[in-house]
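Chemist: build me a model from this:
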Amino acid sequence: MPRVFIIPDQSPNAFATGRDPEHSAVAVTQGLLAMMNREELEGVLGHEISHIRNYDIRVSTIAVALVAVISFISGFASRFIWWFGPGDRRDNDREEGGNPITMILRIVAILFAIILGPLAATLVQLALSRNREYLADAGSVELTRNPQELISALQKIENSQPMKEADRSSASLYFENPFNRGQHASLFSTHPSTADRIKRLEQM
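Modeler: Numbering: from 1, shown residues only. Here you go, the predicted model:
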């Protein structure tokens with residue numbers, strides 16, 4: 001049994017946290033309790049409990065740590081390339097204007113190291129977050145034996161007001177994106193679109 005908390009926010013939402021089932025907690029907003037009936041609330045809580053059962057918080061933490069490590073390595077690599085890359089910087093400085101081809105190669109390498117590496121890692125992290133949401137939806141149906149509960153909850157939440165106090169760094173923990181409700185999912189979304197989630201649930 002996870003610990004249960006109520007968030008004083010009128011936006012309907014919920015989230016789960018904890019590194020494992022023995023150290024877990026589920027929180028729901030006052031808005032969710034006011035908007036949902038018993039069955040819909042059961043579907044949402046089934047989704048959050050599935051996150052705990054699937055160790056999704058631990059997976060997300062590892063993903064964040066990997067992004068940080070990749071960013072650090074990319075920063076180190078960019079500095080290494082700048083000072084010790086093709087050609088010798090000190091020799092180039094002796095030449096008037098330096099070697100333009102070498103400078104272009106350095107700049108391109110730095111762009112790859114600084115921008116593309118961390119960006120690719122972040123996109124992988126967000127894709128993982130979206131896939132874990134689908135898995136938690138399936139887990140909720142497994143627990144409740146009724147996909148319509150979750151479908152009805154998602155439909156109610158889709159166009160509701162965003163949360164006032166949510167932190168963007170923890171957006172992936174919530175049942176539904178606490179920001180930008182009703183927007184289409186993109187590569188930079190922490191959650192799949194509501195329409196896609198409902199479509200998968202209808203096929204169960």
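Chemist: gap between Asn131 and Ser172?
Modeler: Counting by C-beta to C-beta, to the nearest Å, the gap from Asn131 to Ser172 is 11 Å. Where C-beta positions appear, they are placed from N, C-alpha and C, glycine not excepted.
Chemist: need phi/psi at Tyr174.
Modeler: Dihedral pair for Tyr174: phi -80, psi 160, per degrees, to the nearest 10.
Chemist: now the nearest residue to it once chain neighbours are set aside. Its backbone dihedrals?
Modeler: For Tyr174, ignoring the flanking residues on the chain, the nearest one in space by C-beta to C-beta, 6 or more residues apart in numbering is Phe15 at 4.6 Å. Backbone torsions of Phe15, given as degrees, to the nearest 10, read phi -150, psi 160.
Chemist: what sits against Phe15?
Modeler: Val26, Ala27, Glu48, Ser170, Leu173, Tyr174, Phe175 (C-beta atoms under 8 Å, 6 or more residues apart in numbering).
Chemist: wait, the fifth one sits on Ala14?
Modeler: No. Using C-beta atoms under 8 Å, Leu173 is not in contact with Ala14; the gap is 9.5 Å.
Chemist: below-threshold pLDDT in this protein: ranges please.
Modeler: Along the chain, the model assigns pLDDT under 70 to residues 75, 77-99, 102, 105, 109, 113, 169, 180-187.
Chemist: thank you kindly, that will do.
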